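>>> have a look; sequence and predicted model below, questions after that.
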Amino acid sequence: MIDRELNYGRHIIKDYLYKSMPYRSVLDIGAGSGADLDIAREINPTSTISAIECYGPSAQVLKNKSICVEEINIENDIYPFADSSIDVIIANQILEHTKELFWIFHQISRMLPIGGKLIIGVPNLASLHNRILLLLGQQPTSIQINSAHIRGYTLEDTIKFLNSCFPGGYELMSRRGSNFYPFPSLIARPLAQVFPSAAWGMFLLLKKTRNYDSEFLQFPRKADLQTNFYLGL
């Protein structure tokens, strides 16, 4: 039986947080019930833990854990954190739900200081089971039309997005995979470790490497994308 909890890659998030030490502040964008922030707090109990979560029941769970919660829309609100104020930002299983990536990465990139870490977890469009589905003329599970996912991600295209919008702005420190459909966890975990490019989930640890000057907001117009992306203007 498939263990869908592996989709969230908590073991990878924990490892990436250890690799990000020492950190003083952590922000989880789309934090859900706060499982990743629980890990961050366990690793460094003295760190400042914050969340962005607009779903009421999840926000209440976070508040019950004494986590500072901002109930805003990540696609068109200004994130209420100062520039260069957050050491580690987590976006785990949220970016595939969003259209306004340029706005989201604008906010992320201004909040991170140089040397700050960004942890991303997304479904892998190039996973083995998605490749087989496409070969059979079927829709990949990560971007099915009747689901909440509206974007698909591969490693190469994610790095292309970052480098084209913010050249030299992020260094890829680690790439790992989690879960491996259709296998049970006993087999899925080692397969994902050995073959991360074919795993269900893609997890990246990125380090911000230079000053940010609103490049993510400038890119859609420079590239003449002719789509009404929200740019805060």
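Cool, the structure landed. No experiment lies behind these values; they were computed from the predicted model shown.
>>> C-alpha from now on. contacts and neighbour counts both.
Noted.
>>> which stretches of the chain form helices?
Ranges of helices in the chain, per DSSP state H, are 10-19, 35-43, 56-64, 101-111, 128-135, 155-165, 185-194, 215-222.
>>> need these in TSV (columns: distance to residue 81, mean neighbour count and mean pLDDT).
As requested, the helices of the chain are arranged in TSV below (distance: least, CA to CA, whole Å; neighbours: other CA atoms under 10 Å; pLDDT from 0 to 100):
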stretch	distance to residue 81	mean neighbour count	mean pLDDT
helix 10-19	20	18	98
helix 35-43	17	19	98
helix 56-64	18	16	96
helix 101-111	7	22	98
helix 128-135	37	16	97
helix 155-165	22	14	98
helix 185-194	35	17	95
helix 215-222	18	16	96
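>>> could I get the ones you listed as JSON lines with distance to residue 73?
Output for the helices of the chain, formatted as JSON lines (distance: least, CA to CA, whole Å):
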{"stretch": "helix 10-19", "distance to residue 73": "24"}
{"stretch": "helix 35-43", "distance to residue 73": "19"}
{"stretch": "helix 56-64", "distance to residue 73": "12"}
{"stretch": "helix 101-111", "distance to residue 73": "10"}
{"stretch": "helix 128-135", "distance to residue 73": "30"}
{"stretch": "helix 155-165", "distance to residue 73": "22"}
{"stretch": "helix 185-194", "distance to residue 73": "33"}
{"stretch": "helix 215-222", "distance to residue 73": "17"}
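>>> minimum distance to residue 145: which of those has it?
Closest to residue 145 of the helices of the chain is helix 128-135 (CA to CA; 14.4 Å).
>>> what sits up against that closest one?
139, 140, 141, 142, 180, 181, 182, 198, 199, 200 (CA atoms under 8 Å, 6 or more residues apart in numbering).
>>> looking at it, residue 189 is touching residue 176, isn't it?
No: Residue 189 lies out of contact with residue 176 (CA atoms under 8 Å); the separation is 11.0 Å.
>>> number of residues surrounding residue 5?
Residue 5 has 11 neighbours, counted by other CA atoms under 10 Å.
>>> again but with residue 80, I slipped
11.
>>> who's in contact with it?
residue 70.
>>> what bridges to residue 176?
residue 203 (DSSP bridges).
>>> quick check: the gap between it and residue 15.
11 Å (CA to CA, to the nearest Å).
>>> mind listing the shared neighbours of these two?
Counting by CA under 8 Å, 6+ apart, nothing touches both residue 176 and residue 15.
>>> re earlier: out of the helices of the chain, flag the one nearest residue 26.
Judging those by CA to CA, what sits closest to residue 26 is helix 35-43, at 7.3 Å.
>>> stretch 204-219: how far from the chain's middle?
15 Å (CA atoms, centre = their mean, to the nearest Å).
>>> oh, and call the first residue 235 from now on, that's how I've got it
All set: I'll call the first residue 235, so the last point we hit is now stretch 438-453.
>>> for it, measure first residue to last.
22 Å.
>>> that's all I had, so thanks and see you.
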